[in-house]
Every structure is written in C-alpha cells, then in structure tokens.
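Participant: Model the following, please.
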Amino acid sequence: MKKLDLFGLMKVDSDREKVMEKIESIRKWIRAILLGSYVFLDLSKAFDLINHKLLLYKLGKYHTSDGELKWFESYLANRIQICSFSGCLSTPLNIDVGVLHGSILGPLLFTVYVNDLPLSLEKAETDMYADDTTIWKSGTNCVEIELTLNSELSKVEDWFKH
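Facilitator: Numbering: from 1, shown residues only. Down below sits the predicted model:
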C-alpha cells in the first residue's frame with residue numbers, strides 16, 4: 001500500500017499547499033498545451049460509513065500485530081447511541097459502522113480505510129484531502145479525457161461497494 005496522506009486531517013497549513021498543487025498542475029497543462037479536467041468528490045458523512053471488518057482487514061495490511069488488531073476490534077465494538085431530548089432518553093441503538101468524530105483515532109482510521117482508493121484507478125491521477133477526493137486527467141482530446149474519467153468514476157463506485 002502507498003504511504004498515508006493525512007492532508008486535511010492534520011492541524012497544519014495544508015489547505016494552501018493543496019490549492020497550490022492544483023494551480024501548478026493547471027500551469028503545467030497550459031505550458032504543454034494540454035486539456036485537463038477535474039472531478040471533485042465529497043464523501044458526505046464519510047466517518048459514519050466505515051465498515052469495521054474491512055477497516056480491521058486494512059489495518060492488518062499495514063502489518064498491525066494480532067494484539068493491536070484485537071485492541072482496535074475492541075475499540076470499535078459494542079458502541080451504542082442514545083439521544084436525549086427534554087429529559088427523555090431514546091432506546092439504545094447499536095452502532096456497528098463508522099468511527100468516532102472528533103476522536104484522536106478517527107482521522108487516522110478513516111485515512112487507513114480510504115488510502116487504497118487511488119490504487120483502483122489506473123488512467124487518472126488522484127488527490128485525497130480529508131474526506132474529499134479529486135480525480136483528474138490531462139490530454140489532447142476532450143472526448144478521450146471524458147471517457148477516461150467516466151471509466152475511472154465507475155471504478156470509484158465499485159471500490160465503495162467493495
């Protein structure tokens with residue numbers, strides 16, 4: 001697997017850096033007299049949709065020890081959600097997907113979960129920033145760029161369906 005890209009999940013000036021990277025890509029296209037197209041994907045409620053079994057499998061791919069995997073399994077297991085309104089509590093609801101928002105581990109676990117998405121794409125470039133993904137392609141033929149991006153988007157859809 002490739003290295004983790006934590007842009008957008010770390011408290012650094014990464015917004016400016018990512019924008020500058022995109023501007024530089026466009027400048028290269030202009031200098032080379034190429035056409036280019038970007039597709040911007042925003043994964044709404046991304047932290048809520050993480051499949052725990054698949055996350056544990058992916059953690060194992062990063063050479064996490066058996067003991068550490070058991071710890072993560074325990075961390076993710078037996079979660080419930082209860083709502084309180086005007087002093088009344090709802091019936092507890094088991095939560096068997098997702099990672100905690102605002103937790104220290106949440107952003108790292110999310111990154112581990114989505115980090116292999118670019119590996120499913122062969123004909124376009126990708127950039128991941130927190131829960132946003134950008135897919136782009138440059139070339140000399142608009143139709144070819146469009147067909148390539150549509151094909152790659154189908155692969156993204158398949159990746160999310162696992």
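Participant: Summarise which helices and strands the top helix by length along the chain is packed against.
Facilitator: Looking across the chain with DSSP state H, the single longest helix is helix 142-161. If you count contacts as 3 or more Cβ pairs under 8 Å, 6 or more residues apart in numbering; DSSP states H and E, helix 142-161 packs onto strand 35-42, strand 132-139. Yep, even glycine has a C-beta here, placed from its N, CA and C like the rest.
Participant: which residues are contacting the last one?
Facilitator: The contact list for strand 132-139 (Cβ atoms under 8 Å, 6 or more residues apart in numbering) reads 8, 22, 25, 29, 32, 34-43, 114, 117, 121, 123-128, 145, 148-149, 152-153, 156.
Participant: Buried subset of these, written for ChimeraX?
Facilitator: In ChimeraX, selecting the buried portion of the contacts of strand 132-139, with burial taken from 16 or more other Cβ atoms under 10 Å, looks like this:
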select :8,25,29,36,37,38,39,43,114,117,121,124,126,127,128,145,148,149,152,156
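Participant: For stretch 21-35, what is the distance to the chain centroid?
Facilitator: 25 Å (Cα atoms, centre = their mean, to the nearest Å).
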